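*Asks:* The amino acid sequence is not available; the structure is as follows:
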């Protein structure tokens with residue numbers, strides 16, 4: 001099976017040995033995104049809501065680079081939160097980005113995330 005890497009400067013560069021996304025078998029697998037500003041490479045300033053929005057903006061930018069639309073083509077989202085109390089804010093952000101049928105989702109509380117992030121999310125999309 002052919003695997004095609006995806007890269008865009010509109011999302012943070014990979015900070016390890018991985019691709020921003022891989023397209024294979026009709027799907028786009030977007031790597032976990034943390035709330036880094038793609039222009040500065042630094043964490044966005046603001047509250048957890050701003051961090052969650054940045055994470056989904058980063059996912060959307062990578063999806064676009066793969067020829068997908070996050071809101072239309074996502075079939076699975078996994079969200080990692082340092083504090084599961086922010087689950088409601090994730091729902092608020094996602095309700096503004098996705099329409100029914102909503103993608104499948106998992107939300108997991110974790111002990112820590114890269115660079116001290118409070119939230120990370122990855123996505124699987126169908127390539128149109």
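*Replies:* That came through fine. For clarity, every value in this text was computed on a predicted model and none was experimentally measured.
*Asks:* Secondary structure element for the residue nearest in space to the middle of the chain, which one?
*Replies:* By CA atoms, centre = their mean, the chain has its centre lying nearest to residue 59, at 3.6 Å. Per DSSP states H and E: residue 59 is located in helix 48-65.
*Asks:* So which residues make contact with the helix or strand following that helix?
*Replies:* Downstream of helix 48-65, the first helix or strand assigned by DSSP H and E is helix 70-73. Outside helix 70-73, the residues that touch it by CB atoms under 8 Å, 6 or more residues apart in numbering are 28, 56, 59-60, 63-64, 97-99, 123, 125-128. Just so you know, the C-beta spots here come from the backbone N, C-alpha and C atoms, and that holds for glycine as well.
*Asks:* what about 6 Å?
*Replies:* For helix 70-73, contacts defined as CB atoms under 6 Å, 6 or more residues apart in numbering pick out 59-60, 63, 97-98, 125-126.
*Asks:* one step back: what residues does the helix holding residue 59 touch?
*Replies:* Helix 48-65 is contacted from outside by 6, 8, 10-11, 20-21, 30, 33, 35, 44, 70, 86, 89-90, 93, 97, 118-119, 121, 123, 125, using CB under 6 Å, 6+ apart.
*Asks:* Make a PyMOL selection of whichever of the contacts of helix 70-73 turn out to be buried.
*Replies:* Selection of the buried residues among the contacts of helix 70-73 in PyMOL, burial being defined by 16 or more other CB atoms under 10 Å:
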select buried, resi 59+60+63+97+98+125
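*Asks:* Going by distance to residue 105, which of the contacts of helix 70-73 wins?
*Replies:* Of all the contacts of helix 70-73, residue 105 sits closest to residue 98, with 9.4 Å by CB to CB.
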